[in-house]
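Chemist: This is a predicted model, with the sequence first.
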Amino acid sequence: MEVVQLSSELWEHMPNLYTRPGPIESREQVEVLLREGFSHAFVRLDAGDDRSAEDRLDRLVAERTFSPPIRPRVAFEKEIQVAAMAYENAMVHARRIITDVKMGRKVDYEASLETVGDIVESAVRNPDTLVCLSKLSTYDEYTYAHCINVATISVVFGEYLGMGNDELINLGVAGMMHDLGKTAVPSRIINKRARLTDQEFDEVKRHPEYGCRILEKNGDVPEEVLEAVRHHHEKYNGAGYPEHRVKRDISPLARIISLADVYDALTSDRSYKDAILPNKALAIMYGMREQDFDPMEVQLFIKCLGIFPAGSLVKLNNGAYGVVYESNPALPLLPKIKIILDEDLHPIPSELVDLAAEQALGHANLEILECADPSAYKINLKPYLTRKR
Ligand SMILES: [Fe+2]
C-alpha cells in the first residue's frame, strides 16, 4: 500500500499519524511503524476503481491497518442529558442571533462563545451524544437546527483531529454562523420551492460574503471565523464560490464546516427531499472526494463519525432493531447499540450491547445487517436515546 501525501496542515494535530508519503511493502514495515508509536496512516485507494461508493466504503473499513487513539470518555448515559441541555440552549441562541441580524442589531458574540463553549466541553466528554442529538431535530426547525448541527458536527470532528479548546470554539462559532448571510438574501428567494433562476441562484451564492460582512461590522469577530464563513462553499477542485479557491487555499475551519454542512443537509428532511441515511450520506460524500472535498479529509470525517454514526437505527442479524449510541472509531462495524425493537418493530425493554466487547468475549454471533430508516417505520428515536434506560 502507499501512504499518501497529506495535503493540509489540518492533520498536524493528529497524534501518532504516520505521514511520510511512499510505499509500505511488508507486514514487517507495518510492525516497525507500530513499535515506533504510529497508530494510523492514510493509504491510496486504487485509481480507476469503478465500484459503487458503498463498496469503496466497505473497502475503506477493511483497509484499516491502523486505528485511531482511544481517549477517555464520560459514559453516554451520563452525558446525554447535559449534552441535550447544551444543544437546546444553542438552538435558543441561534434563534436569537438570526433575529438580531434581521433586526439590524449586533450579534452578541460573547454569548455565542459561551454557548459554543458548552458544546465543546460536551464534545470532549462524549462526542457521540452530540452526533445523536444532531440527528433528532425535526424538519420544521431546520433553519436553526442546521446552524447548531453544523457547529456540533464540526466541533466533534475538530476534537477528533486533536484541536485545542480555543480553536474548537472558533470552529463551533463559525459553524453556528456559517449561513448568517442568508438573512441578507430576499426571503422570496430563500423560501422559493420552484427551481431558482440563474440570477436568483447568483444572489444565494453571495450569502458567504454577506455573512462575513455582517460579522465584520460586529467588530469583535476573529479573522479565522470570518474566513471560515466566507469560504464555507469553496470546493477542493475550485468549483465552489465565491472566490473559486482550491485545496489548501481554503481555510482549514471552512473545510471542516463544509463537510459538516453537506453531511447535515444530506441527512436532514427538507420540504423538497427526504433525509438520506447517515451511512449512505457518508458514502455519497466519499464519492465527492477530489471534487468537493480533500480525499484524505473526507476519509477522516468518515472515520470520525463511524460507518454507523451515533443515532443510526440498525437492523441486527437476529431480526431485532437497535440504535447506535456510541461509534467505535477503531472497529467501525462494531459500535455500542441499544436494542429497542423486536423483529416486528414492537418496543422491547432496551438492552445495551457493546458489539466489540461481545466479539472479544467470543459471542460474535450478533452483528449489524444494515441501517434502517426510522421515519419509514414512523419511529421517534429521541425518547430511546435521551432516557436513562
Ligand atoms: Fe451556506
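Modeler: Nice, thanks for sending it over.

Chemist: how close does Gly162 sit to Val124?
Modeler: According to C-beta to C-beta, to the nearest Å, Gly162 and Val124 sit 11 Å apart. No exception for glycine: its C-beta is placed from N, CA and C like everyone else's.

Chemist: what bridges to Val324?
Modeler: Ile337 (DSSP bridges).

Chemist: show me the contacts for it.
Modeler: Gly306, Phe308, Pro309, Ala310, Gly311, Ser312, Val314, Pro335, Lys336, Ile337 (C-beta atoms under 8 Å, 6 or more residues apart in numbering).

Chemist: Kindly report the same for Arg289.
Modeler: Tyr236, Pro295, Val298, Gln299.

Chemist: For it, what are phi and psi?
Modeler: phi -70, psi 160 (degrees, to the nearest 10).

Chemist: Which pLDDT does the model give it?
Modeler: As predicted, Arg289 sits at a pLDDT of 88.

Chemist: cool, Trp11 as well?
Modeler: 50.

Chemist: cool, Val173 as well?
Modeler: pLDDT, read off for Val173, is 97.

Chemist: what separates the lengthiest helix in the chain from the chain centre, distance-wise?
Modeler: What stands out as the longest helix in the chain, according to DSSP state H, is helix 76-102. Centre-to-centre, helix 76-102 and its host chain are 17 Å apart (C-alpha atoms, centre = their mean, to the nearest Å).

Chemist: Next, the buried residues of that helix.
Modeler: 76-77, 79-80, 82-84, 86-87, 89-91, 93-94, 96-98, 101 (16 or more other C-beta atoms under 10 Å).

Chemist: what do you get for stretch 374-389?
Modeler: Counting neighbours by 16+ other C-beta under 10 Å, stretch 374-389 gives Pro374, Ile379, Leu381, Lys382, Tyr384, Leu385, Thr386 as buried.

Chemist: quick check, nearest of the residues you listed to Tyr142?
Modeler: Of all those, Lys382 has the smallest distance to Tyr142: 16.1 Å, by C-beta to C-beta.

Chemist: just checking, the closest one touches Lys135?
Modeler: No - counting by C-beta atoms under 8 Å, Lys135 is not a contact partner of Lys382; they are 9.5 Å apart.

Chemist: who touches both of those two?
Modeler: Common neighbours of Lys382 and Lys135 (C-beta under 8 Å, 6+ apart) do not exist.

Chemist: What mean pLDDT does stretch 120-129 get?
Modeler: 92.

Chemist: Tell me the first helix or strand C-terminal of the strand or helix carrying Leu133.
Modeler: Element membership for Leu133, per DSSP states H and E: helix 127-134. Tracing the chain past helix 127-134, the next element assigned as helix or strand by DSSP H and E is helix 142-160.

Chemist: With only the CA atoms kept, save the helix or strand following that following helix in CSV.
Modeler: Heading C-terminal from helix 142-160, the first helix or strand you meet, by DSSP H and E, is helix 165-177. Taking Å, rounded to 0.1, in the frame of the first residue of the first chain, the C-alpha atoms of helix 165-177 are listed here in CSV:
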residue,chain,number,x,y,z
ASN,A,165,-10.1,24.4,23.1
ASP,A,166,-9.7,27.9,21.6
GLU,A,167,-9.6,26.6,18.0
LEU,A,168,-12.7,24.4,18.7
ILE,A,169,-14.6,27.4,19.9
ASN,A,170,-13.7,29.4,16.8
LEU,A,171,-14.7,26.4,14.7
GLY,A,172,-18.1,26.0,16.6
VAL,A,173,-18.9,29.7,16.4
ALA,A,174,-18.1,29.8,12.7
GLY,A,175,-20.2,26.6,12.2
MET,A,176,-23.1,28.2,14.0
MET,A,177,-22.9,31.5,12.0
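
Chemist: Identify each buried residue in helix 165-177, please.
Modeler: Buried residues in helix 165-177 (16+ other C-beta under 10 Å): Glu167, Leu168, Ile169, Asn170, Leu171, Gly172, Val173, Ala174, Gly175, Met176, Met177.

Chemist: next one: stretch 118-133
Modeler: Result for stretch 118-133 [16+ other C-beta under 10 Å]: buried residues 118-120, 122-133.

Chemist: how far away is the closest residue to Asp292 other than its chain neighbours from Ala360?
Modeler: Of all residues not flanking Asp292 in the chain, Lys235 sits nearest, at 4.8 Å (C-beta to C-beta, 6 or more residues apart in numbering). Distance of Lys235 to Ala360, given as C-beta to C-beta: 42 Å.

Chemist: Comparing those two, which residue is more hemmed in?
Modeler: The neighbour comparison of Lys235 against Ala360 (other C-beta atoms under 10 Å) goes to Lys235, with 21 against 12.

Chemist: what about that one, distance to Leu333?
Modeler: Distance from Lys235 to Leu333, by C-beta to C-beta: 30 Å.

Chemist: can you check Ala174 too?
Modeler: On the measure of C-beta to C-beta, Ala174 and Leu333 end up 33 Å apart.

Chemist: In contact with His146, which residues?
Modeler: By C-beta under 8 Å, 6+ apart, the neighbours of His146 are Asp179, Asp264, Ala265, Ser268.

Chemist: Recalculate using a threshold of 10 Å.
Modeler: For His146, the contacting residues are 94, 134, 137, 175-176, 178-179, 260-261, 264-265, 268, 270, by C-beta atoms under 10 Å, 6 or more residues apart in numbering.
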